[in-house]
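A.B. asks: Coordinates for the following, if possible.
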Amino acid sequence: MADYSIILKEYNKKKKEIKARLRDFEKVKEDEIFYELCFCLLTPQSKAENCDFVVSQLRKDNFINKKFNPKKYLRSKVRFHNKKSKYLMEMKSKYKEVSIKLKNDDKNEVREWLIKNVKGIGYKEASHFLRNIGFKNMAILDRHILKNLRSNSIIKEIPKTLTRNRYLDIEKSFISFSKKLDITIDEMDLLFWSAETGKIFK
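C.D. replies: Here you go, the predicted structure:
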């Protein structure tokens with residue numbers, strides 16, 4: 001059985017910073033939501049810091065309002081830059097539709113809609129995006145989180161692929177575990193991520 005006292009000790013050490021970061025997500029301004037979605041479209045198999053830098057350049061050059069191919073911003077910074085550039089442009093073309101859908105309070109319904117309607121978005125990316133704009137209690141099952149879930153015996157092994165059912169099953173187990181420790185899943189995500197990277201980022 002895993003020693004949960006280590007998690008609790010780390011949580012108590014970082015709790016203040018983690019809670020402050022989650023409050024930041026709740027205060028994201030309307031004009032920043034588009035760029036949060038850009039960030040989450042870029043993150044698969046790429047470093048979060050590099051994606052954040054790319055998004056800062058897109059923001060600086062007003063990508064949301066100006067017509068240009070963002071490929072040059074992505075090249076050398078994120079993997080699969082050709083494909084992800086197309087995802088960004090397609091998402092931008094339907095962003096009004098996205099912003100209307102985000103007014104729905106049902107997080108699961110919004111997540112399913114994003115996965116079906118925004119190319120390049122899966123469960124992990126949709127959950128990441130929604131968490132970053134203030135939605136709560138969804139698992140962001142990236143490699144850092146899955147590694148920690150395995151080491152704490154929440155899952156037996158890291159799955160090679162995540163089907164919809166497998167993703168949702170692991171999410172339920174993660175939520176159940178977080179309730180047992182009286183730490184929200186959102187706090188646990190940042191805690192596990194910081195344990196792997198040394199940073200409380202996003």
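A.B. asks: Quick one: residues contacting the most centrally placed residue in the chain.
C.D. replies: In the chain, the residue lying closest to the centroid (C-alpha atoms, centre = their mean) is His128, at 1.8 Å. With contacts defined as C-beta atoms under 8 Å, 6 or more residues apart in numbering, His128 is in contact with 40, 43, 140, 142. Every C-beta, even on glycine, is put in place using the N, C-alpha and C of the backbone.
A.B. asks: Of those, which is the nearest to Ser176?
C.D. replies: Compare each of the contacts of His128 with Ser176 using C-beta to C-beta and the shortest gap goes to Ile140, at 16.7 Å.
A.B. asks: Near that closest one, how many other residues are there?
C.D. replies: A count of nearby residues for Ile140, using other C-beta atoms under 10 Å, gives 27.
A.B. asks: and the spatially closest residue to Thr197 that is not a sequence neighbour, what element?
C.D. replies: Taking C-beta to C-beta, 6 or more residues apart in numbering as the measure, Thr197 lies nearest to His144, with 6.9 Å between them; neighbours along the chain are not counted. Under the criterion DSSP states H and E, the helix or strand holding His144 is helix 143-151.
A.B. asks: same deal with Glu171?
C.D. replies: Glu171 is located in helix 164-181, with elements delineated by DSSP H and E.
A.B. asks: Check which helices and strands that helix sits against.
C.D. replies: Contacts defined by 3 or more C-beta pairs under 8 Å, 6 or more residues apart in numbering; DSSP states H and E place helix 164-181 against helix 4-26, helix 123-132, helix 143-151, helix 185-197.
A.B. asks: tell me the most buried of the ones you listed?
C.D. replies: Using mean count of other C-beta atoms under 10 Å, the stretch among the helices and strands packed on helix 164-181 with the largest mean neighbour count is helix 123-132, at a mean of 24.
A.B. asks: gap between that helix and the chain center?
C.D. replies: Averaged C-alpha coordinates place helix 123-132 at 4 Å from its chain's average position (C-alpha atoms, centre = their mean, to the nearest Å).
A.B. asks: To Asn62, which of the helices and strands packed on helix 164-181 lies closest?
C.D. replies: Closest approach to Asn62 among the helices and strands packed on helix 164-181 (C-beta to C-beta): helix 123-132, 20.6 Å.
A.B. asks: mean confidence score for the closest one?
C.D. replies: Mean pLDDT, taken over the full extent of helix 123-132, equals 96.
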